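Asker: using only what follows, build the 3D model:
(4 chains)
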2 protein chains.
Amino acid sequence: MNIEPSVKQRTTIRDVARQAGVSVGTVSRVVNGHPSVTDAKRRVVLQVIAELGFQPDTAAQSLRRGTNRTLGVIIPDLRNPFFAELMQRIELRAKERGYSVLFASSDEQAESEEELIANLVRRKVEGVVLVPSNRAETIANPGGVRLVVVDRHIAGHPFVAADHRAGARAAADYLVSLGHRRIACISGPERSFVARERLAGFMDVMADRFAEADLDPATYVISAPFDYEGGRQAAEALLSGTGPRPTAVFACSDQQAIGVLRAAFDRRIAIPDQLSVVGFDGILLADLVAPRLTTAAQPMALIANCATDLLIGGEPLDNATSHIFPCTMVLRETCAPPA
Amino acid sequence: MNIEPSVKQRTTIRDVARQAGVSVGTVSRVVNGHPSVTDAKRRVVLQVIAELGFQPDTAAQSLRRGTNRTLGVIIPDLRNPFFAELMQRIELRAKERGYSVLFASSDEQAESEEELIANLVRRKVEGVVLVPSNRAETIANPGGVRLVVVDRHIAGHPFVAADHRAGARAAADYLVSLGHRRIACISGPERSFVARERLAGFMDVMADRFAEADLDPATYVISAPFDYEGGRQAAEALLSGTGPRPTAVFACSDQQAIGVLRAAFDRRIAIPDQLSVVGFDGILLADLVAPRLTTAAQPMALIANCATDLLIGGEPLDNATSHIFPCTMVLRETCAPPA
DNA sequence: ATGAAAGCGCTAACAT
DNA sequence: ATGTTAGCGCTTTCAT
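Answerer: Prediction:
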């Protein structure tokens, strides 16, 4: 058969056993820290393992144990810095706990998600972190794999995320407290859970005020993709209107907010003097753009750790439970009272 | 023994064989597209496979074949948008070819790289894409796994990257062609291969000119981390000096360049009127900052595809070969002739 | 063309 | 406490 090993000749547990003069069972026990091995034997086995550089074959372990200390992570698009940072943190936590991470991108295609999960299941992952695409309304989990959904809620699965709605509320409140009344909102794609939540938070604060001031909310709310270009185009639309211009805009992502900065720059609108801007997410970049972006920051480390720990801890997952973490308003340079 | 399957009861190849009234060998042959199966039998087996939703167990395949259609990717830091995009593209290509990707972050710790490789090897990956940390000078490959090094060269391993030096040369040439003479360079960390290459490209163009103009290169070249903050601080130093200010700066990463924009904004230095800026990498964001960043763009798709294909194609890897792709100058809004 | 059977390397149940 | 052994699910050789 000649399996053409790229690695010359792996040393197996049997080599170790022979060399150490014990049985494979004993070696296995030593490797797995089973208590019932005498110190003497343990020492010699450990010694031989070191000499031979023995490393248990994960495929064999996996076949035997039905699991292999691997988590799957499905992310819509790593070019979104929020997701990239989330990914980084999930991998970090997983590594700390001795797990590896299989990464798959769904490319914002809802259709591919179930296929990706199926592939992950075939590969015997112990659990899957799914950051659903904007379009995913529901997700089948045929294999019944341990699954936690992050950031974008999907009914019927354990959920970990920031409190999008409260975060948006805080952002709107802040703008209002500064004295703004004509506040626009650049929301996300209409089909996106996150977009709806953040918009709802915004409207929690603004609905009454729009009514009071006899303003039509429809002209102050606009949907756009969550990325830079989406924000830029939405801002173009908002700032080019004929009616009274908004004095502030709440963008539902930092990327969008940066796009707003871009559009304002193009139109020679001074920020924050002529226009206040608040973003959402708290990505690294928000602190570097000019001017520095005020934003509702998500607790990414908390979210990543929670999702990872849920999967790794063997406790049964409760499909009805949501783990929601509060956002923090980070006040920087893009907001001021209206002129 | 009771292996407590999280997945109720996987259907195995034996279930399929029984149901189809053939032997497991035949089923295996069908699954693997082996020619010597009659069409009649093939059809019924395929039928049963579909009915039962049979999926071969990768752990068993892996154990038997010694491989499992998985690639490992080690990246210093996903928060660097260049790496994030690279990762995304590698996964995409791998997926197209039926491979999965194990992701590991080295967090810029050179020490952890070999450990990460060892872990990947244990998991039977068919190959590893390593984007070395800045500090890595050499990397041991004890298991002899298929390894390709990307972006930052390490002697003794196949290498895939952009032509950093030529790219930097093009950037400097462009600035010179605009009429600039006092051109500063924000280089990367001194220990970084990439930083040295780009600096070398810069000096290829500038060494003579510095001499001619009786300028001390040392005051025009400064090392800094590749990130936003590194660029900002370096620019602070460059722009606060007492001598004649540079009229242009070449930053060795787009992140740094964006940091420069930030610093210039803080000091009310107009870009490009009072200061021209060129970056390096061609990240998405470069097109969104204000003003839009002129940059030497790396061909990320080419790099990602090349590295992935090298690993997946079973051809022997040549440790001495480098695959170098040219950069492209993307002219946008941050450059103008000196005042 | 197909079936039977031998393992791949490991863990855990069962003996002792 | 330790050795022996039966598989985990699959691929592939060897017969037929």
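Asker: from now on I want contacts and neighbour counts done on CA atoms only, so please keep to that.
Answerer: OK.
Asker: give me the pLDDT for residue A:270.
Answerer: Model confidence at residue A:270, given as pLDDT, is 95.
Asker: now do the contacts for it.
Answerer: Listed by Cα atoms under 8 Å, 6 or more residues apart in numbering or on different chains, the contact partners of residue A:270 are residue A:264.
Asker: mind checking the longest helix of chain A?
Answerer: When chain A is parsed with DSSP state H, its longest helix is helix A:193-212.
Asker: starting at the chain centroid, how far to it?
Answerer: Its chain's C-alpha centre and that of helix A:193-212 lie 24 Å apart, by Cα atoms, centre = their mean, to the nearest Å.
Asker: one more: stretch A:21-32?
Answerer: 41 Å.
Asker: quick one: it near chain B?
Answerer: No. Residues of stretch A:21-32 are not located near chain B by Cα under 8 Å from any Cα of the partner chain, the shortest gap being 14.7 Å.
Asker: confirm residue A:148 sits in a strand?
Answerer: Yes. Secondary structure assignment (DSSP: H, G, I helix; E, B strand; the rest coil) places residue A:148 inside a strand.
Asker: circling back: buried ones in the helix or strand just after the longest helix of chain A, by neighbour count?
Answerer: From helix A:193-212 onward toward the C-terminus, using DSSP states H and E, the following helix or strand is helix A:217-220. When neighbours are counted by 16 or more other Cα atoms under 10 Å in any protein chain shown, the buried residues of helix A:217-220 are found to be A:217, A:220.
Asker: and what of stretch A:145-163?
Answerer: Along stretch A:145-163, these residues count as buried under the neighbour rule (16+ other Cα under 10 Å): A:145-154, A:157-163.
Asker: restricted to strands, list these.
Answerer: Restricting these to those inside strands, with DSSP state E as the criterion, leaves A:147-150, A:159-162.
Asker: how about JSON lines for those residues, with distance to residue B:95 and pLDDT added?
Answerer: What follows is these, written out as JSON lines (distance: Cα to Cα, whole Å; pLDDT from 0 to 100):
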{"residue": "A:147", "distance to residue B:95": "21", "pLDDT": "94"}
{"residue": "A:148", "distance to residue B:95": "23", "pLDDT": "96"}
{"residue": "A:149", "distance to residue B:95": "22", "pLDDT": "97"}
{"residue": "A:150", "distance to residue B:95": "23", "pLDDT": "97"}
{"residue": "A:159", "distance to residue B:95": "27", "pLDDT": "97"}
{"residue": "A:160", "distance to residue B:95": "27", "pLDDT": "98"}
{"residue": "A:161", "distance to residue B:95": "28", "pLDDT": "98"}
{"residue": "A:162", "distance to residue B:95": "30", "pLDDT": "98"}
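Asker: still on that earlier bit, what subset of the buried residues of stretch A:145-163 is also close to chain B?
Answerer: Counting by Cα under 8 Å from any Cα, the subset of these that neighbours chain B consists of A:145-146.
Asker: measure residue A:137 to residue B:97 for me?
Answerer: The span separating residue A:137 from residue B:97 equals 29 Å under the rule Cα to Cα, to the nearest Å.
Asker: for residue A:11, give me its contacts.
Answerer: Residue A:11 sits next to A:52-55 when contact means Cα under 8 Å, 6+ apart.
Asker: oops, could you answer that again for residue A:278 instead?
Answerer: With contact taken as Cα under 8 Å, 6+ apart, residue A:278 is in contact with A:171, A:249-251, A:257, A:293-296, A:334-335.
Asker: what helix or strand does the spatially most central residue of chain A sit in?
Answerer: Taking Cα atoms, centre = their mean, the centroid of chain A lies closest to residue A:86, which sits 4.2 Å from it. Assignment of secondary structure by DSSP H and E places residue A:86 within helix A:81-96.
Asker: strand partners (parallel or antiparallel) of the very next helix or strand once past that helix?
Answerer: Once helix A:81-96 ends, the next helix or strand along the chain (criterion: DSSP H and E) is strand A:100-105. For strand A:100-105, sheet partners with direction are given as strand A:70-75 (parallel), strand B:100-105 (antiparallel), following DSSP bridges.
Asker: is any residue of the lowest-mean-pLDDT helix or strand in chain A near DNA strand D?
Answerer: For chain A, scoring each helix and strand by mean pLDDT, DSSP states H and E identifies helix A:110-122 as the least confident one, at a mean of 87. No. Applying Cα under 7 Å from any atom of the strand, one finds helix A:110-122 separated from DNA strand D by no less than 9.3 Å.
Asker: mind listing what's buried along that helix?
Answerer: For helix A:110-122, the buried set under the neighbour-count rule, 16+ other Cα under 10 Å, comprises A:110, A:113, A:116-122.
Asker: distance to DNA strand C added to the residues you listed, as JSON lines?
Answerer: Output for the buried residues of helix A:110-122, formatted as JSON lines (distance: Cα to the nearest atom of the strand, whole Å):
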{"residue": "A:110", "distance to DNA strand C": "36"}
{"residue": "A:113", "distance to DNA strand C": "30"}
{"residue": "A:116", "distance to DNA strand C": "26"}
{"residue": "A:117", "distance to DNA strand C": "24"}
{"residue": "A:118", "distance to DNA strand C": "23"}
{"residue": "A:119", "distance to DNA strand C": "21"}
{"residue": "A:120", "distance to DNA strand C": "20"}
{"residue": "A:121", "distance to DNA strand C": "19"}
{"residue": "A:122", "distance to DNA strand C": "17"}
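Asker: and which of the residues you listed is nearest residue B:324?
Answerer: Comparing these against residue B:324 with Cα to Cα places residue A:116 closest, at 32.6 Å.
Asker: how about the closest one: what's its closest non-neighbour residue?
Answerer: For residue A:116, the nearest residue in space outside its immediate sequence neighbours is residue A:104; the separation is 7.1 Å by Cα to Cα, 6 or more residues apart in numbering or on different chains.
Asker: what's the burial count for that neighbour?
Answerer: Look at residue A:104: counted by other Cα atoms under 10 Å in any protein chain shown, it has 28 neighbours.
Asker: my guess is it contacts residue B:91, does it?
Answerer: Yes. Judged on Cα atoms under 8 Å, residue A:104 makes contact with residue B:91 at a distance of 6.8 Å.
Asker: shared neighbours of these two, anything?
Answerer: Common contacts of residue A:104 and residue B:91, defined by Cα under 8 Å, 6+ apart, comprise B:100-101.
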